[in-house]
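In: just a sequence and a predicted model for now, questions to come.
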Amino acid sequence: MKTELVVKDNALINASYNLDLVEQRLILLAIVEARESGKGINANDPLTVHAESYINQFGVHRNTAYQALKDACDDLFARQFSYQSLSEKGNVINHKSRWVSEVAYIDNEAVVRLIFAPAIVPLITRLEEQFTKYEIQQISNLTSAYAVRLYEILIAWRSTGKTPLITLYDFRQKIGVLDTEYKRMYDFKKYVLDIALKQVNEHTDITVKVEQHKTGRSITGFSFSFKQKKSATHSVESKRDPNTLDLFSKITDKQRHLFANKLSELPEMSKYSQGTESYQQFAVRIAAMLQDAEKFKELLPLLRKLGFQ
């Protein structure tokens, strides 16, 4: 089975937003579609998500999928998110943006077409920053939108296996709980945190523990520690050629960009190009493709031809 990767910039992972489960799934499928097709993501061209993909990926009934995607189109256009970045002077910039600038549902084709908003595009496609990668299969069985967000937040810290202290206010923002929802800690834990933890532990490739932090008698924040499940590690690695996996893990960012530039000029790469893009734009997309183990394996013969060892 093909490994379908979702790649998001950590600024987006740490953003504050409120999407329901169907909307999150639709966004993730669009990201996968952009990567798998080689189209890439920009603020002009629509990405297509077929209801069939939604049905197959998430195991839902056909009629349920059709109606859910229709409703998601109506709501997604109005959704906003906020995130922070730093100015050249080191000052915090607070941003607000929509997710999409355009979204449409085609009835007779059971297809969603969406165009990501300009602010989203660099957060998904930017190459020089730290990315969070995960297989969409890991969140396919999560039925809580809070569980999807918790998983994304956690694996941004996969290299350390633990998060820093996240204040209660920040955590509520990141996981998508509105200020008017679940104000009592009992309700927040029962309807948000406990469900999210249970689903992540049961249905993904990590096992999570939470630690509560208090000021006096009040809970004011949480930190999380997690471990990779052994069976998940073995199953992913067993599907890949160990030699290819070794090369994939050793390629540096500098090499990736260097060889992406060289690959962009090869005639053999024409099947991946979009025709109207420049060599530089093509190289940016190739560099993104080289972050995907399956695409790396596919392009390895050409990389070797160019001198990669």
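Out: Here it is on my side, so go on.

In: quick one, domains of this protein?
Out: For the chain, automatic domain parsing gives the domain ranges 1-140, 143-238, 240-305.

In: avg pLDDT for the first one?
Out: In this model, domain 1-140 carries a mean pLDDT of 79.

In: same thing with the last one?
Out: For domain 240-305, the per-residue pLDDT values average out at 75.

In: for it, what is the distance to the chain centroid?
Out: In terms of C-alpha atoms, centre = their mean, to the nearest Å, the centre of domain 240-305 is found 20 Å from the chain centre.

In: repeat for the first one
Out: Shown here is domain 1-140, whose average C-alpha point lies 8 Å from the average C-alpha point of the whole chain (C-alpha atoms, centre = their mean).

In: shift numbering so it begins at 621
Out: I'll keep to 621 as the first residue from here, and by that count the last item is domain 621-760.

In: the one helix or strand residue 686 maps to - contacts with which helices or strands?
Out: Element membership of residue 686, judged by DSSP states H and E, is helix 682-696. Using 3 or more C-beta pairs under 8 Å, 6 or more residues apart in numbering; DSSP states H and E, the elements in contact with helix 682-696 are helix 641-657, helix 671-678, strand 720-726, strand 731-736. (C-beta placed from N, C-alpha, C; glycine too.)

In: angle of the second one against strand 720-726?
Out: Computed with axes from the mean of the first three to the mean of the last three C-alpha atoms, to 10 degrees, the direction of helix 671-678 lies at 100 degrees from that of strand 720-726.

In: swap in the first one?
Out: Here the directions of helix 641-657 and strand 720-726 differ by 90 degrees (the same axes, to 10 degrees).

In: do the last one as well
Out: With the same axes, to 10 degrees applied, the angle from strand 731-736 to strand 720-726 works out at 170 degrees.

In: mind giving me the packing neighbours of the following helix or strand past strand 731-736?
Out: Per DSSP H and E, strand 731-736 leads on to helix 740-745 as the next helix or strand towards the C-terminus. When contacts are defined as 3+ C-beta pairs under 8 Å, 6+ apart, helix 740-745 packs onto strand 625-629, helix 630-633.

In: return the set of buried residues in stretch 722-731.
Out: Within stretch 722-731, the residues that count as buried by 16 or more other C-beta atoms under 10 Å are 723, 725, 730-731.

In: neighbours of residue 683, just the number please.
Out: 8 (other C-beta atoms under 10 Å).

In: hmm, back to that, and the contacts of the helix holding residue 686?
Out: Residues from elsewhere that reach helix 682-696, judged by C-beta atoms under 8 Å, 6 or more residues apart in numbering: 639-640, 642-643, 646-647, 669, 671, 674-675, 678, 680, 719-720, 723-725, 730, 732, 734.

In: what about burial for these, which qualify?
Out: For these, a neighbour count by 16+ other C-beta under 10 Å gives the buried set as 639-640, 642-643, 646-647, 669, 671, 674-675, 678, 680, 719-720, 723, 725, 730, 732, 734.

In: and stretch 771-786, which residues are buried?
Out: The neighbour-count criterion (16+ other C-beta under 10 Å) identifies 771-777, 783, 786 as the buried residues of stretch 771-786.

In: could I get those residues as JSON lines with secondary structure and pLDDT?
Out: Output for the buried residues of stretch 771-786, formatted as JSON lines (DSSP: H, G, I helix; E, B strand; the rest coil; pLDDT from 0 to 100):
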{"residue": "771", "secondary structure": "helix", "pLDDT": "91"}
{"residue": "772", "secondary structure": "helix", "pLDDT": "87"}
{"residue": "773", "secondary structure": "helix", "pLDDT": "87"}
{"residue": "774", "secondary structure": "helix", "pLDDT": "90"}
{"residue": "775", "secondary structure": "helix", "pLDDT": "84"}
{"residue": "776", "secondary structure": "coil", "pLDDT": "79"}
{"residue": "777", "secondary structure": "coil", "pLDDT": "84"}
{"residue": "783", "secondary structure": "coil", "pLDDT": "89"}
{"residue": "786", "secondary structure": "strand", "pLDDT": "92"}
